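Visitor: this one's sequence-less:
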């Protein structure tokens, strides 16, 4: 069984993106060497990335661009290299390198994928995907990088869930730049 | 200068109350002895509590009730005993023990209060108050008890802020029940 996790930056008011998809706040503190090492380590991973359409389109615009290569060369290389899946019924094509477009019903598609052979999978961003898979207990691990900033407005990755979801805290790691990486498992 | 802090439970999606003011989730894990000791210590404090109307009315109904005395006797005693201030223009009276009703403009009233002699002040709940005082840099410290639960719906205490608020992480404390107490200061 392949493991499915989610990794997201989260503001103090619970948002993984601010108003108008603003994600600039998550890049603060990149000059902390220990944190930079963590980020580079993530970018060197061998997993498969899963996206909803909105996050996919944001990332497909940014990561292959010269700006990304300038500001975050290691991460950009990793993001462009790794295998990607986007779940969407409306997307006509998915042109970002090594992307599979999946049009089927989300929950059953992810069930199938978990049973197939392959690398572990990680969801980035993609609140609509997380809030549908979490209640089905299909997400094994939640990694949240809690950033020391409140945004006032944004989207949470649990938006639309109708039942509370209780998780189990398994790890915390505090960085000098004030970010806290918290890891939870499904219960 | 009196110090003003805020203390709130916060869900993984950033809410200090769930839908319809639901706060039951924050009481999970009260059986962790170390956590119970922390809660009892808080209830024994000597500060003054500040509320917006919505939180005040919720708490004024709960804490003097027999139910509170049964479930949380130490906290109920503290909540009923401590001095309270509620900011409201619409409230006709504030009948909960030792409450001062303040009708003036929030920011200037809090400025005055900070300059007066007296105990330190703490805001509980009261998102509308926090989101107005935070941008004015009137809140010195933010204590958030991050509970291992996602609610799907609720209110954040930074709702309505139009600018990002960057804070400085000063302390973290992990409890066995999976709650994490994080403390930030204004920058």
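Guide: The structure has been received and is ready for your questions. Everything quoted here is computed from the prediction, not taken from an experiment.
Visitor: and residue A:114, that's in a helix?
Guide: Yes - checked against DSSP: H, G, I helix; E, B strand; the rest coil, residue A:114 lies within a helix.
Visitor: what's near enough to touch residue A:116?
Guide: By CB atoms under 8 Å, 6 or more residues apart in numbering or on different chains, the contact list for residue A:116 reads residue A:2. Glycine gets a C-beta too; all of them are placed from N, C-alpha and C.
Visitor: Can you give me the distance of it to chain B?
Guide: 28 Å (CB to the nearest CB, to the nearest Å).
Visitor: Quick check: buried residues in stretch A:145-161?
Guide: Neighbour counts using 16 or more other CB atoms under 10 Å in any protein chain shown place A:145-159, A:161 of stretch A:145-161 among the buried residues.
Visitor: Identify the spatial nearest neighbour of whichever residue of chain A sits closest to chain B, chain neighbours not counted.
Guide: Here the residue of chain A nearest chain B is residue A:14; by CB to the nearest CB that distance is 2.0 Å. Of all residues not flanking residue A:14 in the chain, residue B:14 sits nearest, at 2.0 Å (CB to CB, 6 or more residues apart in numbering or on different chains).
Visitor: Need phi/psi at that neighbour.
Guide: In terms of degrees, to the nearest 10, the main-chain angles of residue B:14 are phi 90, psi 10.
Visitor: Near the residue nearest to residue A:10 when sequence neighbours are not counted, how many residues? Count them for me, please.
Guide: Distance criterion CB to CB, 6+ apart; nearest residue to residue A:10, sequence neighbours excluded, is residue A:144 at 4.6 Å. For residue A:144, the neighbour count with other CB atoms under 10 Å in any protein chain shown is 20.
Visitor: Assumed residue A:144 was part of a strand.
Guide: Yes - according to three-state DSSP, residue A:144 belongs to a strand.
Visitor: starting at the chain centroid, how far to stretch A:106-116?
Guide: Relative to the chain's own centre, stretch A:106-116 is displaced by 18 Å; criterion: CA atoms, centre = their mean, to the nearest Å.
Visitor: Just the strands from chain A, written as ranges.
Guide: A:4-10, A:17-18, A:48-52, A:83-87, A:99-102, A:121-124, A:141-146, A:149-150, A:154-155, A:165-174, A:180-186 (DSSP state E).
Visitor: circling back: from residue B:159, how far off is the residue nearest to residue A:14?
Guide: According to CB to CB, to the nearest Å, residue B:14 and residue B:159 sit 10 Å apart.
Visitor: My understanding was that residue A:173 contacts residue A:144; is that so?
Guide: No - applying CB atoms under 8 Å as the test, residue A:173 and residue A:144 come out as separate, 11.3 Å apart.
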